[in-house]
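>>> Sequence plus predicted model, see below.
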Amino acid sequence: MKTMLIWLLAAGICLTGGTHDYSDRSEVELPPVDAKPEPDSRGMMEWPRSQPVWTNARLGAVMEKINGEAADELTETYGIILLSAGAGQGRIEATVRRFGDFERPLAEEELQAVRSFLYKAAGEIFPLVIENYVCCGEPLIVGKITKVDEKTGVVLVVDEEQMIKPDMPEALWFRLEQDGRVEGGESGSRLTWADLRIGQQVSVWQQGMILTSYPGRAAALKIKVAGL
């Protein structure tokens with residue numbers, strides 16, 4: 001036994017925590033200094049372990065969480081509307097705008113608040129691209145009001161100079177968005193839906209989808225009446 005102990009000591013091996021040589025050991029990779037812990041499903045914070053695989057099914061599940069009640073809460077809390085959210089190419093692309101003051105871009109801090117809100121609504125951090133929709137560049141249509149349906153709250157605008165085909169000018173029915181506005185084209189004064197009349201020349205800025213029936217149907221964000 002004594003001979004074996006002497007042999008081990010001669011080999012430079014310590015049985016009770018002696019010196020270790022780490023010169024050939026690669027460095028342990030640490031998270032970057034600006035990395036932030038991510039919340040898990042229980043609301044706890046933890047460092048991300050690996051890049052998750054974001055299938056369309058998984059992104060679809062996230063979209064279900066951020067639409068509906070969460071979208072309504074976003075508007076109530078921040079005054080920002082979630083216009084659309086679509087999944088594809090391993091990420092979700094969301095389009096947002098201000099409620100009411102839709103011609104003023106969102107500040108970077110506001111966009112970050114939207115991002116944090118959507119992560120919280122989903123219960124996890126997911127690949128997200130946010131686009132800020134700002135009205136109003138070129139109008140969708142410039143034409144005359146030819147019909148006003150007070151019962152359904154829509155007006156028909158026809159542009160006789162833009163023909164889809166012979167005897168079929170560009171024509172669209174418009175309803176006004178909840179926070180949409182009507183204003184004078186010359187004065188910029190605020191008007192109301194009741195101020196719209198047949199024969200008025202108007203420029204219309206639209207939001208969202210356009211139904212491709214004839215005439216088409218769309219939601220107006222701003223209607224500017226010429227001569228007022």
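Looks like it came in fine. Residues are numbered from 1 along each chain as shown.

>>> so where's the protein uncertain?
Scanning the chain for pLDDT under 70 picks out the ranges 1-52.

>>> Mind checking what secondary structure Arg181 has?
Secondary structure state of Arg181, per DSSP: H, G, I helix; E, B strand; the rest coil, is strand.

>>> Could you list the paired strands of the helix or strand that Lys144 is a member of along with their orientation?
Using DSSP states H and E, Lys144 falls within strand 141-149. Here strand 141-149 is paired, per DSSP bridges, with strand 154-165 (antiparallel), strand 201-211 (antiparallel).

>>> closest one to Leu74 among the ones you listed?
Closest to Leu74 of the strands paired with strand 141-149 is strand 201-211 (CB to CB; 16.6 Å). For glycine as for every other residue, the C-beta is placed from the backbone atoms N, C-alpha and C.

>>> Can you show me the CA trace of the closest one as CSV?
The C-alpha trace of strand 201-211 is given here as CSV (Å, rounded to 0.1, in the frame of the first residue of the first chain):
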residue,chain,number,x,y,z
GLN,A,201,-64.9,66.7,-55.7
VAL,A,202,-62.9,64.7,-53.2
SER,A,203,-59.6,63.0,-52.5
VAL,A,204,-59.8,59.8,-50.5
TRP,A,205,-57.1,58.0,-48.5
GLN,A,206,-57.8,54.4,-47.8
GLN,A,207,-56.7,51.8,-45.2
GLY,A,208,-56.9,48.1,-45.4
MET,A,209,-58.2,45.8,-48.1
ILE,A,210,-60.2,46.8,-51.1
LEU,A,211,-63.1,44.5,-52.2
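
>>> partners of the very next helix or strand once past it, with directions?
Using DSSP H and E, the helix or strand that follows strand 201-211 towards the C-terminus is strand 216-225. Strand 216-225 has the following strand partners under DSSP bridges: strand 168-184 (parallel), strand 201-211 (antiparallel).

>>> my guess is Ile81 contacts Ala94, does it?
No: contact between Ile81 and Ala94 fails when scored by CB atoms under 8 Å: they sit 10.8 Å apart.

>>> ranges for the strands of this protein?
38-39, 45-46, 80-88, 91-98, 128-132, 141-149, 154-165, 168-184, 190-191, 201-211, 216-225 (DSSP state E).

>>> is it true that Tyr133 touches Arg98?
No: the pair Tyr133 / Arg98 is not scored as a contact, 9.1 Å apart, by CB under 8 Å.

>>> more crowded one of those two?
More crowded of Tyr133 and Arg98, by other CB atoms under 10 Å: Arg98, with 21 against 17.

>>> I'd like the distance between the more buried one and Thr55.
Distance of Arg98 to Thr55, given as CB to CB, to the nearest Å: 33 Å.

>>> Same check on Gly137?
36 Å.

>>> Look at those two and report which has more neighbours.
With neighbours defined as other CB under 10 Å, Gly137 and Thr55 compare such that Thr55 has more, 11 against 6.

>>> Just give the nearest non-adjacent residue to the residue sitting nearest the centre point of the chain, would you?
Against the mean C-alpha coordinate of the chain, by CA atoms, centre = their mean, the closest residue is Ala94 at 2.5 Å. Spatially, and ignoring its direct neighbours in sequence, Ala94 is nearest to Ala85 (4.5 Å; CB to CB, 6 or more residues apart in numbering).

>>> pretty sure that neighbour is touching Glu93, no?
Yes: when contacts are counted by CB under 8 Å, Ala85 is listed as touching Glu93 (7.2 Å).

>>> Compare these two (neighbour count), which wins?
The residue with more neighbours, out of Ala85 and Glu93, is Ala85; 19 against 15, by other CB under 10 Å.
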